[in-house]
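**Q** 3D model of this:
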Amino acid sequence: LGCTARAGRLDSPRPAPPHPTPRVQKGSARRSRQHRAPSAADPGGEECGAVQCSASPAQTPQASLRLRPGLLLPAATMQGLLEPEDYVHVLGPKLSPLDELRSVCHATGQEDAFYLCNVDDIVHKMELWRRLLPRVRPHYAVKCNASRVVLNTLAALGAGFDCASKTILLVWLMLQSGPSHCRPQGEIEEVLSLGVDPSRIIFAQPAKPATHIRFAAGRGINLATFDNEEELYKMRALHPQCRLVLRIRCDSDDAMVCLGVKYGCDAERDAPRLLRTARDLGLRVVGVSFHVGSGCREEAVYRRAVRAARHVFDLAEGLGIRGMRLLDVGGGYPGDPEDEPVFRKMAEAINSSVAEFFPSPDVDVISEPGLYFVSSAFTLAANVHSKREVRNEAGDLESVMYYINDGVYGSFFDVLNRRRFHGLPLEAHGEARDAVPSSVWGATCDGLDKVEDGVLLPPLELGSWLVYRNAGAYTIALACGFNGVPIPKVHAVVSTGTWSQLRDRAPFTESHFVPSLATGRRHTSASLADPPRRLTLALQAPASISQTIMESCLPMDCRRGSIFDPAELAGGRPVY
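**A** Numbers count the residues shown, from 1 in each chain. Presented below is the predicted three-dimensional model:
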């Protein structure tokens, strides 16, 4: 399943085999299965509808490929096959994500830590956002969690994207994980590879390297933030046509991570000078952005921030700057289920503030939520591979040290920032009254690799699993694989109702969806790292996949006609 780098960045393609076999490329679920022999006019050897499937990455046309109205994919992104983490497992009507998690944990040979991603949760979050903040268009902060299933789902739901870096093809990742895991690592290229139009991307990085600015200009990214004078001179030299958004500082007093210490100018002291400089350089400033801080729970800060943005709009008008029509209210919104009341209060504060200071519908309002969309969608399962009992001089048990196959150099990096994680045993081997003081340690040799300390856990046997809820935000994104400990893979699940709505929404195709392990119809003894049968089915028989899902997952009365009414999605919540 080799890849010559999806974005065409590795310049040493493998020699073609004597009789090249046409490669079926990503997004090819509806293409013809008929292969044509290679010819001089058609060196690729197969034509699948409107898309040319080439036998070698070097033969792929460089022009964009149109798959359906409104979807343009760069030809380079069509080179790779679907990878294991691209798949979404469709749950049967009586199965839950927990059933699938248990099925994966109990699969023969499966010991690596992994994430279970519930796609329905992401869809629900989008529906809730659009209901509570109808005027605010979300641009997902890719830095929070760039898992392919997250980007695919949000792209299919029409979200925009907040990106902060260009493409970096990490050769070490290819060497460590195998060529099938060689995919674009920069946020902009990762999003563009989905077929997302560049107009749906904001380059939300106020301090950008010159190479990143050139890259954005070459990819048609024409909206970016700034907060200093030097950035304006760089933009004038490298991307003069870009529409610019001035980032101001307005910090919440209770944010977990205060971003104003690094980004954002003072609306009173700095904004007038920066606006004049932009005007004199002939640059277009089109709006104002702010970020009150990650993990903010204070709703009153949004009125202060929106009022400050209004002040900057008025300054621009006084300086003769026309066309200020964008307000970016930033990110940091809570995403855990228990924090939904807090989010609702924030939404009320944003709505009332925008209505007060920006009543004109000519002003577009966007946002940059990250953890809001992914926090509760991901559950981490880690395996207990070792343990040590700590006893006092009398031989009495004082505590137990458990060692899991993840840690602070993986999913739990934020422990170093005082974030608390609490694992729950998937299957306890004792009573709650038998719980003893315990600590949970990571897999590396570093003595600082401690995940939990001073927690009460029931007795756990080797091979037990600890489950960590709300694990989608800044976990997998911060993992580095130190000591060679593998970064957990993502196993995505979706209900039949949501599947019926997403399977025809680009960038998803029917090839992305396979029956869940919990159905018992296939892969009951396969590990996450061993997907060849699913991959073969996805590549060679996309039509049969849909049929298999319908036979194994859907109730009998749903197989004869339409699958689900949109109103039934996620328990009666409509999908966009």
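**Q** quick one, helices of the stretch 51-200 of the chain?
**A** 97-105, 119-132, 148-156, 171-177, 187-192 (DSSP state H, counting those that start in this stretch).
**Q** Tabulate the CA atom coordinates of the first one in PDB.
**A** What follows is helix 97-105, C-alpha atoms only, in PDB (Å, rounded to 0.1, in the frame of the first residue of the first chain):
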ATOM      1  CA  PRO A  97     -20.100   2.600  20.700                       C
ATOM      2  CA  LEU A  98     -19.300   0.800  24.000                       C
ATOM      3  CA  ASP A  99     -20.100  -2.500  22.300                       C
ATOM      4  CA  GLU A 100     -17.600  -1.700  19.600                       C
ATOM      5  CA  LEU A 101     -15.000  -0.600  22.100                       C
ATOM      6  CA  ARG A 102     -15.300  -3.900  23.900                       C
ATOM      7  CA  SER A 103     -15.100  -5.800  20.600                       C
ATOM      8  CA  VAL A 104     -11.800  -4.100  19.700                       C
ATOM      9  CA  CYS A 105     -10.400  -4.600  23.200                       C
END
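**Q** Which of the helices of the stretch 51-200 of the chain comes out lowest on mean pLDDT?
**A** Mean pLDDT is lowest for helix 171-177 out of the helices of the stretch 51-200 of the chain, coming in at a mean of 31.
**Q** hang on, the earlier thing: tell me which of the helices of the stretch 51-200 of the chain lies nearest to L456.
**A** Proximity to L456 (CB to CB) singles out helix 97-105 among the helices of the stretch 51-200 of the chain, at 22.4 Å. C-beta here means a position set from N, CA and C on the backbone, and glycine is covered the same way.
**Q** Can you tell me which helices and strands the closest one packs against?
**A** Contacts defined by 3 or more CB pairs under 8 Å, 6 or more residues apart in numbering; DSSP states H and E place helix 97-105 against strand 114-118, strand 378-391, strand 489-494.
**Q** mind redoing it with 10 Å?
**A** strand 88-90, strand 114-118, helix 119-132, strand 378-391, strand 465-468, strand 489-494 (3 or more CB pairs under 10 Å, 6 or more residues apart in numbering; DSSP states H and E).
**Q** Could I get the buried residue list for whichever helix or strand comes after the fourth one?
**A** So that's strand 378-391. Going down the chain from strand 378-391, the next helix or strand is strand 397-404, by DSSP states H and E. For strand 397-404, the buried set under the neighbour-count rule, 16 or more other CB atoms under 10 Å, comprises 399-400, 402-404.
**Q** Make CSV from the residues you listed and add distance to V390 and pLDDT to it.
**A** Conversion of the buried residues of strand 397-404 to CSV gives the following (distance: CB to CB, whole Å; pLDDT from 0 to 100):
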residue, distance to V390, pLDDT
S399, 5, 95
V400, 7, 97
Y402, 11, 98
Y403, 13, 98
I404, 17, 97
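**Q** between those residues, which is nearest I201?
**A** I404 (37.0 Å).
**Q** wait, doesn't the closest one sit right on L462?
**A** No. With contact defined as CB atoms under 10 Å, I404 does not reach L462; the gap is 11.1 Å.
**Q** Need the residues touching each of the two.
**A** Listed as contacting both I404 and L462 by CB atoms under 10 Å, 6 or more residues apart in numbering are 383-387.
**Q** Is it possible to get JSON lines of these that adds neighbour count and pLDDT?
**A** Output for those, formatted as JSON lines (neighbours: other CB atoms under 10 Å; pLDDT from 0 to 100):
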{"residue": "N383", "neighbour count": "21", "pLDDT": "97"}
{"residue": "V384", "neighbour count": "20", "pLDDT": "97"}
{"residue": "H385", "neighbour count": "14", "pLDDT": "96"}
{"residue": "S386", "neighbour count": "12", "pLDDT": "97"}
{"residue": "K387", "neighbour count": "18", "pLDDT": "97"}
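**Q** which of those residues sit farthest apart?
**A** Longest span within the shared contacts of I404 and L462, CB to CB: N383 and K387, 11.8 Å.
**Q** overlap in contacts of those two?
**A** 403-404, 462, 464.
**Q** circling back to that earlier point, out of the helices of the stretch 51-200 of the chain, nearest to S352?
**A** helix 119-132 (12.4 Å).
**Q** Mind listing what's buried along that closest one?
**A** 119-130, 132.
**Q** same thing with stretch 105-122?
**A** Buried-residue list, stretch 105-122, by 16+ other CB under 10 Å: 105, 107, 110, 112-122.
**Q** where are the low-confidence patches of the stretch 51-200 of the chain?
**A** 51-82, 167-185 (pLDDT under 70).
**Q** Look up how far L223 lies from the closest residue to A224 other than its chain neighbours.
**A** Of all residues not flanking A224 in the chain, F203 sits nearest, at 3.9 Å (CB to CB, 6 or more residues apart in numbering). Look at F203 and L223: by CB to CB, to the nearest Å, they are 7 Å apart.
**Q** Looking at these two, which is more packed in?
**A** Counted by other CB atoms under 10 Å, F203 and L223 do not tie: F203 has more neighbours, with 30 against 23.
**Q** tell me the contacts of the more buried one?
**A** Neighbour list for F203: 161-166, 187-188, 212-213, 215-217, 219, 221-226, 239, 242, 245 [criterion: CB under 10 Å, 6+ apart].
**Q** Mind listing the residues bridging to it?
**A** Counting by DSSP bridges, F203 forms beta bridges with C163, A224.
**Q** Nearest to the spatial middle of this protein, which residue is it?
**A** A146 (3.4 Å; CA atoms, centre = their mean).
**Q** these two touch, right, D314 and M324?
**A** Yes. Under the criterion of CB under 10 Å, D314 makes contact with M324 at 9.4 Å.
**Q** These two: who's more crowded?
**A** M324 (23 against 11).
**Q** Could you measure from the closest residue in space to E431 that isn't next to it in sequence over to S464?
**A** Closest residue to E431 apart from its sequence neighbours, by CB to CB, 6+ apart: P458 at 6.8 Å. Using CB to CB, we find P458 at a distance of 10 Å from S464.
**Q** If you count surrounding residues, which of these two has more?
**A** S464 (22 against 16).
**Q** Isn't the more buried one up against V384?
**A** Yes. Using CB under 10 Å, S464 makes contact with V384 at a distance of 4.6 Å.
**Q** Give me the common contacts of those two.
**A** 402, 404, 425, 457.
**Q** backbone phi and psi for the residue lying farthest from the centre of the chain, please?
**A** In the chain, the residue that sits farthest from the middle, by CA atoms, centre = their mean, is A394; the gap is 51.5 Å. Dihedral angles of A394 (phi, psi; degrees, to the nearest 10) stand at phi -80, psi 0.
**Q** So which residues of the stretch 351-500 of the chain form strands?
**A** 364-367, 378-391, 397-404, 424-425, 436-441, 450-457, 465-468, 489-494 (DSSP state E, counting those that start in this stretch).
**Q** okay, the ones you listed, which one's buried deepest?
**A** Highest mean neighbour count of these: strand 489-494, a mean of 26 (counted as mean count of other CB atoms under 10 Å).
**Q** what's the spacing between it and its chain's center?
**A** On the basis of CA atoms, centre = their mean, to the nearest Å, strand 489-494 sits 12 Å off its chain's mean C-alpha point.
**Q** Also stretch 128-139?
**A** The answer for stretch 128-139 is 18 Å, by CA atoms, centre = their mean.
**Q** can you give me the end-to-end distance of it?
**A** 15 Å (CA to CA, to the nearest Å).
**Q** Great, nothing more from me.
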